[in-house]
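**Student:** one predicted model, sequence on top.
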Amino acid sequence: MPAAVSELTDHLGYWLRIVSNHVSYAFARRLSDKDVTVAEWAMMRMLFGRGPVAPSELAMKMGLTRGAVTKLADRLIGKGLAAREEGQKDRRTQTLRLTARAEALVPELAAAADQNDLEWFGSLPDGERRALERILKTMAARLALTSIPVD
């Protein structure tokens with residue numbers, strides 16, 4: 001007799017992925033109205049309210065490679081949402097900063113993120129929402145998951 005084979009729906013990862021995919025897709029749709037991707041939003045939020053930041057620092061904080069940060073920065077620069085500046089002492093060094101247009105846009109995008117969260121998790125009673133958040137944060141910390149999800 002063959003061993004029992006579990007159903008897809010028997011796995012917590014299955015349910016986590018269903019919810020995560022739908023939450024992320026809804027947020028991506030909201031951002032697309034502003035011609036910004038989730039990855040671009042994540043970088044914009046990391047740069048928001050800060051002075052110029054070295055790409056290597058962004059890569060470390062976001063858990064991305066320098067190449068991925070460069071590609072994201074290039075896209076934001078192309079959209080007029082970020083600027084790259086040469087170092088004053090060493091022209092080989094560069095920093096990234098948001099443009100004034102992006103600084104004005106970030107609060108609007110943050111409100112879209114807040115609204116997305118509310119629509120997806122607002123129906124949970126406060127205790128369940130806090131428990132879910134605590135469980136997910138505990139798992140992320142235990143597994144040392146530090147990269148910012150951008151896909």
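**Tutor:** Here it is on my side, so go on.
**Student:** what segments of the chain are helices?
**Tutor:** Listed in chain order, the helices of the chain (DSSP state H) span residues 12-32, 38-47, 55-62, 66-78, 100-121, 126-142.
**Student:** tell me which residues of the longest one are tucked away?
**Tutor:** This means helix 100-121. Counting neighbours by 16 or more other C-beta atoms under 10 Å, one finds that the buried residues in helix 100-121 are Ala102, Leu105, Val106, Leu109, Ala112, Asn116. Where C-beta positions appear, they are placed from N, C-alpha and C, glycine not excepted.
**Student:** quick one: contacts for the spatially most central residue of the chain?
**Tutor:** Most central residue of the chain, judged by C-alpha distance to the mean C-alpha position with C-alpha atoms, centre = their mean, is Ala42 at 3.9 Å. Residues in contact with Ala42 (C-beta atoms under 8 Å, 6 or more residues apart in numbering) are Met62, Ile148, Val150.
**Student:** ok, of the residues you listed, which come out buried?
**Tutor:** Judged by neighbour count, with 16+ other C-beta under 10 Å as the criterion, the buried members of the contacts of Ala42 are Met62, Val150.
**Student:** least confident of the contacts of Ala42?
**Tutor:** When it comes to pLDDT, Val150 is the least confident member of the contacts of Ala42, at 78.
**Student:** give the closest residue to it in space, chain neighbours not counted.
**Tutor:** Ala39 (3.7 Å; C-beta to C-beta, 6 or more residues apart in numbering).
**Student:** neighbours of that neighbour, how many?
**Tutor:** A total of 21 residues lie near Ala39 under the criterion other C-beta atoms under 10 Å.
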